[in-house]
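1. no FASTA, just this:
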């Protein structure tokens, strides 16, 4: 008969004791929620406030603050008005507009609420902005972030004890929260609760709670467009984590939640403030542009490095962390461009070989591009966004400034020849240093308002837009006219210039 070793028995008993203690902790951690019901939490309100304060600088470092104090004050004033009628008016709320083009808004523990300039471009009134903010305040008052933190912490701790593992440190839990809940939301039940709370706060503050439905409609259109575009470009769609990712446009449950706010005696003169809001976003930076990296149609400018690259016309261009990827309209070809620091004395061929990975090198040449030493080659069976493919590489060295530039292009259906190689080569040789005229042209694309004349169509407006690929669709989405609407004479519409 097999006997369990004494050491293992002691470990087992210890685990049972710890798990029993945790079960007691779980029961004792269910506390009353300000919005009603009970919460499972592992932290006090003081701890919650401290957690939010620790996360704030990390979020600011990642996204950056949008540098328009007037707009920041406008958003803060609306937020404070809503927070004052919430279930937790006692805590200090902080509202921040982030310099990020993604359509997003989120709340962290302790009353820290963030909204991107990206989502603000698609809103049409102050009431709609209030709907977004009210929803996020609902997450704070219902302590959804704290619940999420508590559940993940206890699951990790139980797993650690059951397996006699070392528990994760708090920093890892924090990282997991930022990477998870902020992107995927808190689950359908929590999102619906935040909708209901947000509608209640809107009504109490004098806004029409039906604004949530108006926001939802345009964001659902934006999501459908983004999903289709991502499918064509062979990438993951970037859709809003909160209200919209979990609710269909005709969600009857959502309408019931919002409709419940009718009992709160909404004033007949409920605030909308369409013109006031539009005037606030007139000049708002739009799209994937930072202060130094600008995309205008099919051209990429880096004002900090003073260089430009022209990509094939009609290709979708996306910028992230200083790197740029251009994708063909059918999604079957992709060209990457990025910069990296180098030593003053470098050999382009050596650096490029280090970045190619394994594979046979062919068609290699030492060349000069814009007066700078460069190396051009094809590497067979290299890693690409489409898997192992032949990749067209180029490396350009600027030794004086100690920076190098790398291109890498591949096709989805390539096996030996590179179908889009002529387009890749043309883009590589378009690399150039910016002139004074280029610096003037590389201004930030911004939202601009005009009154529809009854003659111009979105197609004609797109011809003069700086948006590049899908400009017509973008303009329709900005103006609630997607997929086939046209400007209405006399109505204020948004364009991008």
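-> Okay, I see it. The model shown is predicted, which means the values in this text are computed figures rather than measured ones.

2. just for this structure, where's the confidence low?
-> Counting by pLDDT under 70, the ranges of the chain that qualify are 1-33, 36-42, 147-185, 240-251, 253-254, 257-259, 261-262, 264-265, 289-290, 357-359.

3. what's the domain layout of it?
-> Under automatic domain parsing, the residue ranges defining each domain of the chain are 38-281, 293-441, 447-496.

4. can these go into JSON lines with extra columns for distance to residue 287 and mean neighbour count?
-> For glycine as for every other residue, the C-beta is placed from the backbone atoms N, C-alpha and C. Below are the domains of the chain laid out as JSON lines (distance: least, CB to CB, whole Å; neighbours: other CB atoms under 10 Å):
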{"stretch": "domain 38-281", "distance to residue 287": "6", "mean neighbour count": "19"}
{"stretch": "domain 293-441", "distance to residue 287": "7", "mean neighbour count": "17"}
{"stretch": "domain 447-496", "distance to residue 287": "7", "mean neighbour count": "17"}
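
5. What sits closest to residue 98 if chain neighbours are left out?
-> Excluding its sequence neighbours, the residue lying closest to residue 98 (CB to CB, 6 or more residues apart in numbering) is residue 63, at 4.1 Å.

6. residues contacting the one you found?
-> Neighbour list for residue 63: 98-100, 114, 116 [criterion: CB atoms under 8 Å, 6 or more residues apart in numbering].

7. what do you get for residue 280?
-> 70-71, 74.

8. need the strands for the stretch 51-200 of the chain, in chain order.
-> For the stretch 51-200 of the chain, the strands defined by DSSP state E, counting those that start in this stretch occupy 94-98, 105-108, 112-116.

9. In CSV, list those strands along with distance to residue 47.
-> Listed next are the strands of the stretch 51-200 of the chain as CSV, based on distance: least, CB to CB, whole Å:
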stretch, distance to residue 47
strand 94-98, 17
strand 105-108, 13
strand 112-116, 14
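
10. I'd like the distance between the spatially most central residue of the chain and residue 435.
-> Nearest to the geometric centre of the chain sits residue 102, at 3.6 Å (CA atoms, centre = their mean). Look at residue 102 and residue 435: by CB to CB, to the nearest Å, they are 32 Å apart.

11. now residue 293
-> According to CB to CB, residue 293 stands 18 Å off from residue 435.

12. ok, now residue 421?
-> Using CB to CB, which is the criterion applied here, residue 421 is 28 Å from residue 435.

13. same thing with residue 332?
-> In terms of CB to CB, residue 332 sits 34 Å off from residue 435.

14. I figured residue 60 was touching residue 96, is that so?
-> Yes - at 7.4 Å, residue 60 and residue 96 qualify as touching, with contact defined as CB atoms under 8 Å.

15. Could I get the full set of helices for the stretch 351-497 of the chain?
-> 421-429, 436-441, 458-463, 471-478 (DSSP state H, counting those that start in this stretch).

16. ok, residues contacting the third one?
-> For helix 458-463, the external contacting residues (CB under 8 Å, 6+ apart) are 471-472, 475-476, 479, 481, 485-487, 495.

17. got it, and the first one?
-> Applying CB under 8 Å, 6+ apart, the contact partners of helix 421-429 are 309-312, 326, 328, 333, 335, 337, 369, 376, 392, 394, 407, 409, 418.

18. Likewise for stretch 353-373?
-> 348-349, 374-383, 391, 393-399, 406, 428-429, 431-433.

19. Show only the entries of these found in strands.
-> Per DSSP state E, strands hold the following members of the contacts of stretch 353-373: 374-383, 391, 393-398, 406, 432-433.

20. show me the contacts for residue 389.
-> With the criterion set at CB under 8 Å, 6+ apart, residue 389 makes contact with 381-382, 410-412, 414-415.

21. And these, which is closest to residue 443?
-> Closest approach to residue 443 among these (CB to CB): residue 410, at 32.6 Å.

22. What distance do you get for the nearest residue to residue 89 once chain neighbours are set aside to residue 445?
-> Leaving aside its sequence neighbours, residue 89 sits nearest to residue 83 (CB to CB, 6+ apart; 6.3 Å). Using CB to CB, one gets 33 Å for the distance from residue 83 to residue 445.

23. Residue 329 is in contact with residue 317, isn't it?
-> No - the pair residue 329 and residue 317 fails to qualify as a contact (CB under 8 Å) at a distance of 11.9 Å.

24. what is in contact with these two at once?
-> Joint contacts of residue 329 and residue 317 (CB under 8 Å, 6+ apart) are residue 469.

25. now what about stretch 68-75, what contacts it?
-> 65-66, 95-97, 115, 129, 133, 280-281, 284.

26. out of these, who's nearest residue 342?
-> Closest approach between these and residue 342, by CB to CB: residue 65, at 31.7 Å.

27. Please name the bridge partners of that closest one.
-> Beta-bridge pairing for residue 65 (DSSP bridges): residue 98.

28. so how far is residue 444 from it?
-> Distance from residue 65 to residue 444, by CB to CB: 16 Å.

29. What of residue 484?
-> From residue 484 to residue 444 the distance is 30 Å (CB to CB).

30. ditto for residue 231
-> When residue 231 is compared with residue 444 (using CB to CB), they lie 29 Å apart.

31. Could you give the separation of stretch 105-112 from the chain centroid?
-> Computed by CA atoms, centre = their mean, to the nearest Å, the chain-centroid distance of stretch 105-112 equals 16 Å.

32. now swap in stretch 67-84 and tell me
-> Worked out by CA atoms, centre = their mean, stretch 67-84 lies 21 Å from the chain centre.

33. can you check stretch 135-150 too?
-> 20 Å.

34. can you redo the contacts of residue 389 as JSON lines with distance to residue 51?
-> Shown next, in JSON lines, are those (distance: CB to CB, whole Å):
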{"residue": "381", "distance to residue 51": "47"}
{"residue": "382", "distance to residue 51": "44"}
{"residue": "410", "distance to residue 51": "43"}
{"residue": "411", "distance to residue 51": "47"}
{"residue": "412", "distance to residue 51": "44"}
{"residue": "414", "distance to residue 51": "49"}
{"residue": "415", "distance to residue 51": "52"}
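
35. Relative to residue 224, which of the residues you listed is nearest.
-> Nearest to residue 224, judged by CB to CB, of these is residue 412 at 23.6 Å.

36. contacting residues around the closest one?
-> 234, 331-333, 386, 389.

37. Switch those over to JSON lines; also include distance to residue 255.
-> Below are the contacts of residue 412 laid out as JSON lines (distance: CB to CB, whole Å):
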{"residue": "234", "distance to residue 255": "36"}
{"residue": "331", "distance to residue 255": "36"}
{"residue": "332", "distance to residue 255": "42"}
{"residue": "333", "distance to residue 255": "44"}
{"residue": "386", "distance to residue 255": "43"}
{"residue": "389", "distance to residue 255": "48"}
